[in-house]
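Chemist: Return atomic coordinates for the entry below.
(one chain, ligands or ions: 2)
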Amino acid sequence: MKKTLLITGGAGFIGSHVVRLFVNKYPDYKIVNLDALTYAGNLENLKDIEHAPNYEFVRADITEPATMNAVFEKYRPDGVIHLAAESHVDRSIADPNAFIQTNVMGTANLLNAARYLWKDNYEGKRFYHVSTDEVYGSLGETGFFLETTPYDPQSPYSASKAASDHLVRAYGNTYHLPFVLTNCSNNYGPNHFPEKLIPLFINNIRNNKPLPVYGDGKYTRDWLYVVDHARAIDMVFHNGKNGETYNIGGFNEWQNIELVKLLCKKMDEKLHREEGTSAHLITYIKDRPGHDRRYAIDANKIKNELGWEPSVTFEEGLDKTIDWYLANEEWLNHVTSGDYQKYYQEQYS
Ligand code: NAD
Ligand code: TYD
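Modeler: Ligands and ions are numbered 1, 2, ... in the order given. Got it, this is the predicted structure:
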C-alpha cells in the first residue's frame, strides 16, 4: 500500500461518502475508518465496501487519548481526515458537554497523537480537519463568508467546532504540523440522519407527520450535495496547500420555507399524492434559541485554485436524495427506532 489514511467519523453521514470515495478511487491506499458508532454512526452506510481489501474499521472513541495513541502506533497513518464530531445544533443546545468533549478534546487527542507519531519527519504527512461554515456566525440579508471572515460562533456546536479549528491552526503554527482545513455549508444527500432538516422532513412526509418549521421559516442556508463535499475533500487532501483554509459551498441559498415547499411538491409527485397534500403538514413552531439567520459561502477560492465546483444541481441532488430514502425505508426504520423516538419526543413535544 502506498499510503495509510485514518478517516475519523467514517460511519456517519459525510464520513461514509468520503470513505467510499477513497476506498474505491485509491485501491493502493489503506483506509482505516475510526468511529465510536454513536447514535449518528451506522455501519449499514458502508455495506457496499465493508469487504474491500484496502478497508478496515476500528471502533474507538476520540475522547480517549491513550486509545488514540495506540491506534496511531498500530496503523501509523500518513494522513488523517478528521470528520468525527457531534454535529447537530439542537442537540448541542440540549447538552453542550458531549460537543465540548468530542469536538474539542477529541480533536486535541488526534492532534497530539499525530504530532507524536510524525515528530521526526513531517514529509508526506497531512492532518485534514473537516469543519463547518457555522464558525463564522450569522449573516444579514447580504454578504458571504470568506476564508478571512472573523470567527463569531453562536451555538455550542459552532463554538466547539471553532475551538477545534483554532487548535488545528495553533498546532500548525507552533509545531509546524502539516494541516489543511475546510469550512463547508449545509450538506444533504443519502445516509443523512433524520434529525437534520431535509431527511427529517422526508421521513415525516412519508409518515404523514407534521413538518416542524422553526420561527418564521425565513432562515437561509446554502445546500451542497454530500458527494460533492466528498469530491472537494479528495481535492483538498491531495492538492490543497499546507496551512490553508478553503470554504466549500453549493452556490445554492434557500430560505427554509421555500426549500420545504419544494420538498413537499417533489414528495407529492413521487408518492403519487394529490398536489398540496404534504404542504398541509407544514407547522410553524417555537424558534430554535439563538438561531443563526443566514449562512452563505463564497466558494471561489477552492473553485479558482483547485478547480472544484459542485457537479450536481439542487434539483438533481434533491431528486437523488428523495429517491434514496424511498428506496431505503429499512435504513430509515432502523435509525428511527429506539433512542430516536425519545429524542423526537423531547425536541418537538
Ligand atoms: P454525523 O453526525 O452524521 O457523523 C458523525 C460521526 O462521528 C458518526 O459516525 C459518529 O459515530 C462519529 N463520532 C461521534 N463522536 C465520536 C467520538 N467521540 N469518537 C469517534 N467517533 C465519533 O456528522 P456529519 O454530518 O457526517 O458531519 C461530519 C463532519 O463534517 C463533522 O465534523 C461536522 O462538523 C462537519 N460538517 C458537517 C456538515 C453538515 O451539513 N452535516 C457541514 C459542514 C461540516
Ligand atoms: P439543520 O438541518 O439542523 O442544520 P443547521 O442548523 O446546522 O443549519 O437546520 C437547517 C435549518 O432548518 C435551520 O435554519 C433550522 C431549520 N430547522 C427547522 O426549521 N425545523 C427543524 O425541525 C430542523 C431540524 C431544522
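Chemist: could you pull out the helices for the stretch 101-250 of the chain?
Modeler: 107-118, 156-175, 197-206, 226-239 (DSSP state H, counting those that start in this stretch).
Chemist: Residue ranges in the chain under the pLDDT threshold?
Modeler: Applying pLDDT under 70 to the chain flags no residue at all.
Chemist: Close to ligand 1: what parts of it are there?
Modeler: The chain comes close to ligand 1 at residues 9, 11-15, 35-38, 40-41, 61-63, 83-87, 102, 106, 130-132, 161, 184, 186-187, 193, as judged by Cβ under 6 Å from any ligand atom. Yep, even glycine has a C-beta here, placed from its N, CA and C like the rest.
Chemist: right, so of the helices of the stretch 101-250 of the chain, which gets closest to Gly215?
Modeler: Among these, the nearest to Gly215 by Cβ to Cβ is helix 197-206 (12.9 Å).
Chemist: what's next to that closest one, contact-wise?
Modeler: For helix 197-206, the surrounding residues in contact (Cβ atoms under 8 Å, 6 or more residues apart in numbering) are 186, 188, 192-194, 209-211, 221, 223, 256, 259-260, 263-264, 267, 271, 278, 281, 318, 321-322, 325-326, 329, 332, 336.
Chemist: for that helix, the distance to its chain's centre please.
Modeler: How far helix 197-206 lies from its chain's middle: 18 Å, per Cα atoms, centre = their mean, to the nearest Å.
Chemist: Give me the helices and strands touching the helix or strand containing Ser92, please.
Modeler: Secondary-structure assignment from DSSP states H and E places Ser92 in helix 89-94. Judged by 3 or more Cβ pairs under 8 Å, 6 or more residues apart in numbering; DSSP states H and E, the packing partners of helix 89-94 are helix 96-99, helix 156-175, helix 339-348.
Chemist: Which of those sits closest to Thr149?
Modeler: Checking those against Thr149 by Cβ to Cβ gives helix 156-175 as the closest, at 11.8 Å.
Chemist: Was I right to think His334 contacts Glu44?
Modeler: Yes - here His334 reaches Glu44: they are 6.7 Å apart, a contact under Cβ atoms under 8 Å.
Chemist: Quick check: the residue of the chain nearest ligand 1.
Modeler: Among all residues of the chain, Gly12 sits closest to ligand 1, at 2.1 Å; criterion: Cβ to the nearest ligand atom.
Chemist: ok, that residue touching Ser87?
Modeler: Yes - contact between Gly12 and Ser87 holds when scored by Cβ under 8 Å: they sit 7.4 Å apart.
Chemist: Can you check which residues contact both of these two?
Modeler: The contact sets of Gly12 and Ser87 overlap at Ala40 (Cβ under 8 Å, 6+ apart).
Chemist: Show me the strands in the stretch 1-150 of the chain, by range?
Modeler: For the stretch 1-150 of the chain, the strands defined by DSSP state E, counting those that start in this stretch occupy 3-8, 29-35, 55-59, 79-82, 126-132.
Chemist: need the contact list for the residue nearest to Asn24 when sequence neighbours are not counted.
Modeler: Leaving aside its chain neighbours, Asn24 sits nearest to Ile49 (6.9 Å; criterion: Cβ to Cβ, 6 or more residues apart in numbering). Applying Cβ under 8 Å, 6+ apart, we find Ile49 in contact with 19-20, 23-24, 55.
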